[in-house]
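Enquirer: Could you look at this predicted model? Sequence included:
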Amino acid sequence: GGEGTQLRVRAALRVAQMARLLSYVAIGVAVLAIAARQVALNVGENGNSSATTAEEVAAKELGGDRTALQGRVVLITGSAGTNGIGWETARVLARYGAHVFVHGRSAARAEAGIAALRTALAPELPVDGSGRGGQAAPQLSPLVGDLAKPDDVRAMAAAFLGTGLPLHTLILNAGIMALPQRNESASGCDLQMHVNHIAHAHLTRLLRPALEAAAPSRVIAVSSAAHRRANIAFVDDDALETHPYNDWEAYGNSKMANVLFAAALNREYAAAGNGVTAVSLHPGLILTDLSRHMKLSITMAPMLLVYPFIKKNVAQGAATSVYCAVSSAIDDDGLGGRYFEDAHVSTLFKHQQPHLDDPSVAARLMARTDAIVDAL
C-alpha cells in the first residue's frame with residue numbers, strides 16, 4: 001500500500017545519504033593521507049624536497065651552465081597557460097638553452113604563452129634579444145591542438161615531425177581534473193581518461209621516430225598523488241573505466257594510467273634498445289587552471305583544511321618535471337619506469353605500489369590502450 005511505498009522510499013533515501021556520507025569520508029581520508037605523505041617524504045636522498053624549485057633543480061643538475069641544454073629539443077603539452085607548471089617548466093628549460101615547443105589548445109593561446117615566456121626571459125638578454133655571454137635568445141615554437149580531438153593530435157605530431165628535429169624530451173603535462181559528470185570522448189572513454197592518458201599515448205606513439213632520433217631521450221608522464229583514488233579494476237575494462245562514474249575516482253584512474261603507461265613504455269623501449277626512457281611523476285598540490293572544474297562542497301573540506309600546510313607554488317610544482325628532464329641519475333642509476341616526486345625518486349601509495357611492481361598490470365593497460373588508439 002501507500003504506507004509501504006513511503007517506507008521503502010525513506011529507506012532508499014537513507015541508504016543514498018549513507019553512501020554519500022561514506023564517499024565524503026573516503027575523500028577526507030585520501031586527502032589526509034596525501035598530506036601525511038607530503039610531509040613524510042619531503043626530502044630525498046639527493047637533498048631535494050617539496051620546497052625545491054625548478055630553478056634550483058636546474059642550477060644543481062646543470063652546474064649553472066646556461067648553455068647546457070643548447071641543441072636539445074623539448075615538447076611540453078599544456079604549457080601555454082602562464083600560471084601552470086608546464087609554462088614554468090618551459091621557462092626554466094628555455095633559460096638553459098633548450099628549444100621548447102609550447103603547446104596550447106589554440107594558436108592564440110600558444111602564442112600568448114610564448115610571448116609571456118619571452119617577456120619573462122627578456123631581462124637577461126640585450127635589448128635586441130640577440131643573446132650575450134654565451135646565453136642565446138630563447139628558442140620557442142608553438143604547437144597547437146586540442147588533445148580531446150584525435151585529428152588534432154595527428155596534426156600536432158605531423159607538425160613536429162615536419163620540422164625534421166629530434167625530440168630529446170617529451171613532457172606529457174596537459175590534463176583535466178575531476179569533471180563533475182562523465183563526458184563521452186572521441187575514443188568512447190571518459191573524457192578525463194581520454195585527455196590525460198589516451199591522447200598522450202597516441203601522441204607518444206606518433207612521435208616515436210623523433211624520440212628515437214634523439215636518443216638518449218625521455219618521455220615524462222605528469223601523474224598525481226590522486227593515483228591513490230584509482231580503482232585498479234579500470235585496467236581490465238574495455239574503456240578503462242570503473243562504474244558508476246565518480247569524478248575523483250575517474251581522475252585517479254587516469255593518473256594511475258599515467259604511471260602504468262610510463263612503466264610499460266619504458267619496458268617496451270628497453271626491449272627495443274632504442275635509448276628512450278620513460279618515467280612518471282607527482283608535481284605536488286598546486287592550484288592552477290587544472291582545478292577549474294572543482295566545485296566547492298563538503299567533499300572539499302579536508303583539502304581546504306590541510307592545503308595551507310602542504311601546498312606548493314608553481315616554481316616548486318615544476319621542480320620534478322625539470323628534474324626528470326635534466327637529471328643524469330635517471331640513466332646512470334637505471335631509474336627508467338620509476339615514479340618521482342619532490343624532485344627525487346619515490347614510490348606510490350602502499351596499496352597501489354604492488355600494481356606498479358607487477359608488470360602484468362601495466363601490460364594489460366597497454367593492451368587496451370593500444371586497441372583504443374588503433375581505433376582512433
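Expert: Nice, I can see it.
Enquirer: can you give me how far the helix or strand that contains residue 324 is from the chain middle?
Expert: In this assignment (DSSP states H and E), residue 324 forms part of helix 319-326. Chain-centre distance of helix 319-326: 12 Å, with Cα atoms, centre = their mean, to the nearest Å.
Enquirer: Also stretch 78-95?
Expert: On Cα atoms, centre = their mean, the centre of stretch 78-95 falls 13 Å from the chain's centre.
Enquirer: What residues sit buried inside it?
Expert: 78-82, 84-95 (16 or more other Cβ atoms under 10 Å). Where you see a C-beta, it was placed from the backbone N, CA and C, and this is true even at glycine.
Enquirer: packing partners for the helix holding residue 324?
Expert: When contacts are defined as 3 or more Cβ pairs under 8 Å, 6 or more residues apart in numbering; DSSP states H and E, helix 319-326 sits against helix 54-61, helix 85-95, strand 169-172, strand 217-222, strand 276-282, strand 339-341.
Enquirer: got these as a markdown table, with mean pLDDT and distance to residue 250 columns?
Expert: As requested, these are arranged in a markdown table below (pLDDT from 0 to 100; distance: least, Cβ to Cβ, whole Å):
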| stretch | mean pLDDT | distance to residue 250 |
| --- | --- | --- |
| helix 54-61 | 96 | 29 |
| helix 85-95 | 98 | 22 |
| strand 169-172 | 99 | 18 |
| strand 217-222 | 99 | 17 |
| strand 276-282 | 98 | 18 |
| strand 339-341 | 96 | 20 |
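Enquirer: Identify whichever of the ones you listed lies nearest to residue 376.
Expert: Nearest to residue 376 among the helices and strands packed on helix 319-326 is strand 169-172 (16.6 Å), distances taken as Cβ to Cβ.
Enquirer: pLDDT of stretch 180-190, averaged?
Expert: The average pLDDT within stretch 180-190 is 94.
Enquirer: And for that stretch, what's in contact with it?
Expert: Contact with stretch 180-190 is made by 148-150, 191-195, 198, 239-241, 245, 247, 250, 254, 293, 295, 372-373, 375-376, as judged by Cβ atoms under 8 Å, 6 or more residues apart in numbering.
Enquirer: Only whichever of those are buried, select them in ChimeraX.
Expert: If you want just the buried ones from the contacts of stretch 180-190 in ChimeraX, going by 16+ other Cβ under 10 Å, the selection is:
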select :148,149,150,191,192,193,194,195,198,239,240,241,247,250,254,372,373,376
